[in-house]
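Q: Task: produce atomic coordinates for the following.
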Amino acid sequence: MSHKKLNQLIMKTENKIKLFLVDDDALFLKSLEIEFMQHADFEIETFATGELCVAGLSHLPDVVILDYMLDGVDRSAMNGLDTLDIIKAFDPEIPVVMLSSQDKIEVAVNCMHHRAFDYVVKSETAFLRQQKIISSIFKYKKMEKELNWYMERM
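A: I've put the predicted structure just below:
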């Protein structure tokens, strides 16, 4: 491979959105990964537990999609809110979208109190909702950068 092609490959990889998917339901996790791979050019890492996600934070995700209940396989596993708190302690700027099969307002409010960016109920439309949320995250980040650039020049 030529030096030029290698640089193009590196640039392409660097421009991809790095997405962490965290869910203890292996089938749901795989289907979510496939959906994202088919619809956009993401760099995706999947984790079956909050502990594994936390261990991978040095890979600096752009967005984390995190299941609220992570104790389906191991009852002593760290739950989604604990994982969210650790992610926010590591870097408060990482947007975390919480996922849950529970359609309860208390759960959504609790996630928002823990500084989740948004909350999505697992359903047939969950993937589309997540796509829209990720799109809005990056529109917001772009506007924030432009505003900061403008403010620095005043």
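
Q: Low-confidence stretches in this structure?
A: Low-confidence segments of the chain, defined by pLDDT under 70: 1-14, 72-73.

Q: where exactly do the strands run in it?
A: Along the chain, counting by DSSP state E, strands occupy 17-22, 42-47, 63-67, 96-100, 118-121.

Q: which one of the ones you listed is the most hemmed in?
A: Sort the strands of the chain by mean neighbour count, taking mean count of other CB atoms under 10 Å, and strand 63-67 sits at the top with a mean of 25. For the C-beta atoms, the positions are set from N, CA and C on the backbone; glycine is no exception.

Q: How about residues contacting that one?
A: The contact list for strand 63-67, computed with CB atoms under 8 Å, 6 or more residues apart in numbering, reads 17-25, 32, 50, 53, 80, 83-84, 87, 94-100, 116, 130, 134, 137.

Q: do the same with stretch 40-52
A: By CB under 8 Å, 6+ apart, the list of residues contacting stretch 40-52 reads 13, 16-24, 26, 29-30, 33, 36-37, 53, 56, 59, 61, 66, 70, 73-74, 77-80, 82-83, 86, 131.

Q: same thing but 7 Å
A: When contacts are defined by CB atoms under 7 Å, 6 or more residues apart in numbering, stretch 40-52 is touched by residues 13, 16-22, 24, 26, 29, 33, 36-37, 53, 56, 59, 70, 73, 77-80, 82-83.
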